[in-house]
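Q: got a sequence here, can you build the structure:
(one chain, ligands or ions: 3)
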Amino acid sequence: MTQDDKTKTLDIQPDQGRRKFLNTAALVGLSGAGLSVGLSACKKEEAAAPAGTATHAAAGSAGGVHLKPGELDTYYGFWSGGHTGDFRVLGLPSGRELLRVPCFTPDALVGWGITNESKKVMGTKPDGSLKYTVGDTHHTHASYKDGNYDGRYAWINDKINSRIARIRLDYFVCDKITELPNVQGFHGIFPDKRDPVDRKINYTTRVFCGSEFSIPLPNSGAGMEDTKKYRSLFSCVDAETMEVRWQVMIDGNCDLVATSYDGKLAATNQYNTEMGVHYEDMMSVERDACAFFNIARIEAAVKAGKTRTFGDSKVPVVDGTRAANSDPKTALVAYVSVPKNPHGVNASPDGKYFICAGKLSPTATVIELSKVLDWFDGKLDNPDKAIVAEVEIGLGPLHTAFDGRGNAYTTLFLDSQVVKWNVDAAIKFHGGDSKAQYVVDRLDVHYQPGHINASQSETQFADGKWLAVGCKFSKDRYLPVGPMHAENEQLIDISGDKMVLVADHPVRPEPHDFIIFKRDLLRPKQVYSLDEFPLAVKDPKESGVFRNGKKVTVKITSQAPSFSLREFKLKVGDEVTLILTNLDKVEDLTHGFAIPKYNVNFIVNPQETASVTFKADKPGVFWCYCTHFCHALHLEMRSRMIVEA
Ligand code: RUQ
Ligand code: CUA
Ligand code: CA
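A: Ligands and ions are numbered 1, 2, ... in the order given. Sure, this is the predicted structure:
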């Protein structure tokens, strides 16, 4: 199909024959044959792709993507790194990667997992080694105030070990990691946007976390064969203390998470309402659900002590199962049915709707939040009546973004497309107006898109300029580099009626979700404050070797091009803590500190302090040197560690 043919087909509603609800048999092919069919279809369409790829002249009004040397991007993008376990910062529209913030996994550049400070954040075993060294980040979101990002924090999840990390956006560092109790497969995450009760609190104070895998509660070896009793917990983490405030035990599982702008509701889409243990079981019913949590009621129940705990965890758990929540007047959770194995739940910027994509159904479901609240108030007899549209949009719908002009953009994994559709028109169509034209545009992307997000899409200030699409397969878009390909993140100009593909960006596998927001919402600091670090060596005169039996503290400062100690002496068997403060005050004047054969390397940014603890177990001379280029005499920037036998 050429791009022109495709454009001609845009004005008709999705073909009903082709876009039938997929039945279970067809879906068995999803994981194998279905996907390869999808990919070979991509291959055919590849020839047509350049026609849909805009030159700059053809691009909409969002502006050019190629910035001149020295030009700054106008948006920040926060990307999750996937199983690299990091958090990435990009500039948009250029797509340039600016920073990786290590969170869950060690990072050799920074010394994350090497320094005592980072190990404390990451968590250690009693012997001082890291508790975990693998991670799998999926979703990142930032703190809100008045319906917009306020630049305080971002959060990111680790699916493998059920951890949530917080990134301070003043210094772009991970400062806290919390492990959720009794949770496996921690997937969706979303901060709240204001308080449901105290209306003065118009900013984020909670972060909600969904658990994708159901497990025996507690998971300590009993009841492992009784799979029908497995449950999932939906968790609320305090945004400031990062402690888990409460959990809700639910039927089915949690996938993605969304929150309402009024603070009253959080929701998670559920693909396994069957509570199956094999994937065939997980897609045996035609409708799953989106579970809505009434935050004020849950917190009242917690306060009233209507809670239990599981295992060693002290976190109070309320009962959100279907059986316990059938009476709307007291229900904590409303289950709205959604077809089939839905993926993604996204809040529209006007605050009115949550949209779930069908994944195994070619539909998007629009749920009106005021009607969900009506059900909780006893004004609606069935929570499914909160569904105001359920329309066919294409095959394998996953995630949805918004332009602030009433349009939604949903990734179609199987169709390798983004579909732009109008929410109001979809509601009219669903209401019986068969002439309502809700599909506005379709664009081929390359290939198999998962996440999607538009500039400011997750705020009330969606500005409809840029749309980024995370394609899971790049196939032929880049030079081959062996069996594994780069992922392909594509940038689309959405400022006009038609979507215009403007750039491909190869990214290291494998990013998942991302958010894009205006650069002036962030004011990062470029030099630390010495007071942030209790161990800071504030003056070179404080440096030296301080011995207390076998425990030795070495205090050093750095100022380009030298360390305050030109040499220091240790004895074999010493337990050494080395503290280094970088007294340079110039931004970007970072020093490194490496100790050969001792597996030590870390950096200190301007006015930062970091420490390492190690055992002096090898006699000899070890030239500690600066690993971060800092000065014309960078190579000469050394300190001689002498370990006496
Ligand atoms: S999920 S491709 Cu982990 Cu973000 Cu949807
Ligand atoms: Cu200090 Cu290089
Ligand atoms: Ca299912």
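Q: and Ala536, helix, strand or coil?
A: Look at Ala536: counting by DSSP: H, G, I helix; E, B strand; the rest coil, its state is coil.
Q: okay, now it: neighbour count?
A: 21 (other C-beta atoms under 10 Å). Backbone N, C-alpha and C define where each C-beta goes, glycine included.
Q: just Ile595 next, same as before
A: If you count neighbours by other C-beta under 10 Å, Ile595 ends up with 19.
Q: contacts only, for the nearest residue to it once chain neighbours are set aside.
A: Residue nearest to Ile595 in three dimensions, not counting chain neighbours: Cys624, with 5.0 Å by C-beta to C-beta, 6 or more residues apart in numbering. Applying C-beta atoms under 8 Å, 6 or more residues apart in numbering to Cys624 gives the contacts Phe563, Phe593, Ala594, Ile595, Pro596, Arg638, Ser639, Arg640, Met641.
Q: among those, which two are most distant?
A: Maximum pairwise distance among the contacts of Cys624 (C-beta to C-beta): 15.1 Å, between Phe563 and Pro596.
Q: of these two, which one has the most company?
A: Neighbours per residue, other C-beta under 10 Å: of Phe563 and Pro596, the larger number sits with Phe563, 23 against 14.
Q: need the contact list for the more buried one.
A: Ile556, Thr557, Leu580, Phe593, Cys624, Cys626, Met637, Arg638, Ser639.
Q: pLDDT on the host helix or strand of the residue nearest to Ile595, on average?
A: Secondary-structure element containing Cys624, defined by DSSP states H and E: strand 620-625. Averaging pLDDT along strand 620-625 yields 98.
Q: next SSE after that strand?
A: strand 638-644.
Q: where do the helices sit along this protein?
A: Counting by DSSP state H, one finds helices in the chain at the ranges 3-9, 24-28, 33-46, 49-52, 116-122, 279-282, 295-303, 369-376, 423-430.
Q: residues near whichever residue of the stretch 151-300 of the chain sits closest to ligand 1, how many?
A: Proximity of the stretch 151-300 of the chain to ligand 1 (C-beta to the nearest ligand atom) peaks at His187, 5.6 Å away. Around His187 there are 23 other residues, counting by other C-beta under 10 Å.
Q: ok, now Lys314?
A: Neighbour count for Lys314, taken as other C-beta under 10 Å: 9.
Q: and stretch 597-611, what's buried?
A: By neighbour count on 16 or more other C-beta atoms under 10 Å, the buried set for stretch 597-611 is 598, 600-611.
Q: in strands, which of the residues you listed appear?
A: Val600, Asn601, Phe602, Ile603, Val604, Thr609, Ala610, Ser611 (DSSP state E).
Q: distance of Tyr279 from Leu360?
A: Noted for Tyr279: a distance of 11 Å to Leu360, by C-beta to C-beta, to the nearest Å.
Q: right, I mislabeled it, should have said His278
A: Distance, His278 to Leu360, using C-beta to C-beta: 15 Å.
Q: look at these two and report which has more neighbours.
A: Leu360 (26 against 10).
Q: ramachandran angles for the more buried one?
A: When read as degrees, to the nearest 10, the backbone of Leu360 gives phi -90, psi 0.
Q: correct me, but it touches Arg287?
A: No: counting by C-beta atoms under 8 Å, Leu360 does not reach Arg287; the two are 10.8 Å apart.
Q: give me the common contacts of these two.
A: Residues touching both Leu360 and Arg287 (C-beta under 8 Å, 6+ apart): Pro339, Lys340.
Q: return the closest of the contacts of Phe563 with respect to ligand 1.
A: Proximity of the contacts of Phe563 to ligand 1 (C-beta to the nearest ligand atom) peaks at Phe593, which lies at 36.9 Å.
Q: beta partners of the closest one?
A: Taking DSSP bridges, one obtains Phe602 as the residues bridged to Phe593.
Q: cool, and Lys420?
A: For Lys420, the beta-bridge partners are Tyr409, Asp441 (DSSP bridges).
Q: try Lys518
A: Beta-bridge partners of Lys518, as defined by DSSP bridges: Tyr75.
Q: ok, it touching Thr74?
A: Yes: shown here, Lys518 and Thr74 form a contact pair, counting by C-beta under 8 Å, at 7.1 Å.
Q: near ligand 3, which residues of this protein are found?
A: Counting by C-beta under 5 Å from the ion, the chain comes close to ligand 3 at Tyr271, Met282, Met283, Asp288, Asn341.
Q: got a list of what the second one touches?
A: When you say that, I think you mean Met282. Contacts of Met282 (C-beta under 8 Å, 6+ apart): Tyr271, Asn272, Glu274, Gly276, Asn341.
Q: need the contact list for the third one.
A: In other words, Glu274. Contacts of Glu274 were listed using C-beta under 8 Å, 6+ apart, and they are Gly252, Asp281, Met282, Met283, Ser284, Val285, Asp288.
Q: would you mind confirming that the last one makes contact with His343?
A: Read that as Asp288. No: proximity of Asp288 to His343 does not meet the contact threshold set by C-beta under 8 Å, at 10.1 Å.
Q: and the two? which has more neighbours close in?
A: Counted by other C-beta under 10 Å, Asp288 and His343 do not tie: Asp288 has more neighbours, with 29 against 20.
Q: ok, the residue lying closest to Arg523 once chain neighbours are set aside to Ser143 distance?
A: Counting by C-beta to C-beta, 6+ apart, Arg523 lies nearest to Gly151, which is 6.4 Å off, once chain neighbours are set aside. Distance from Gly151 to Ser143, counting by C-beta to C-beta: 8 Å.
Q: with Thr227 instead?
A: 38 Å.
Q: one more: Leu99?
A: For Leu99 relative to Ser143 (C-beta to C-beta), the value is 18 Å.
Q: counting neighbours, go ahead and name the busier of the two.
A: Counted by other C-beta under 10 Å, Leu99 and Ser143 do not tie: Ser143 has more neighbours, with 21 against 12.
Q: ok, that one - contacts?
A: Tyr149, Asp150, Gly151, Arg152, Tyr153, Ala154, Pro191, Tyr203, Thr204, Ala239 are the contacts of Ser143 under C-beta under 8 Å, 6+ apart.
Q: so the second one sits against Tyr203, correct?
A: The one in question is Asp150. Yes: judged on C-beta under 8 Å, Asp150 makes contact with Tyr203 at a distance of 6.1 Å.
Q: find the residues that touch each one of the two.
A: Ser143, Tyr144.
Q: name the residue in the two with the higher neighbour count.
A: With neighbours defined as other C-beta under 10 Å, Asp150 and Tyr203 compare such that Tyr203 has more, 19 against 16.
Q: quick check: Lys615 touching Glu575?
A: Yes: with contact defined as C-beta under 8 Å, Lys615 counts as touching Glu575 (5.8 Å).
Q: residue of the stretch 51-200 of the chain with the smallest distance to ligand 1?
A: Here the residue of the stretch 51-200 of the chain nearest ligand 1 is His138; by C-beta to the nearest ligand atom that distance is 3.7 Å.
Q: for the chain, that is, sorry about that
A: Going by C-beta to the nearest ligand atom, ligand 1 is nearest to Gly450 of the chain, at 2.8 Å.
Q: burial of that residue, as a residue count?
A: By the criterion of other C-beta under 10 Å, Gly450 has 21 neighbours.
Q: re the thing from before, isn't the residue of the stretch 151-300 of the chain closest to ligand 1 up against Asp136?
A: No: contact criterion C-beta under 8 Å: His187 and Asp136 do not qualify, at 9.7 Å.
Q: what's the pLDDT at Glu510?
A: At Glu510, pLDDT is 87.
Q: need the contact list for the residue nearest to it when sequence neighbours are not counted.
A: Spatially, and ignoring its direct neighbours in sequence, Glu510 is nearest to Gly82 (4.0 Å; C-beta to C-beta, 6+ apart). The contact partners of Gly82, taken as C-beta under 8 Å, 6+ apart, are Asp136, Thr137, His138, Pro509, Glu510, Pro511, His512.
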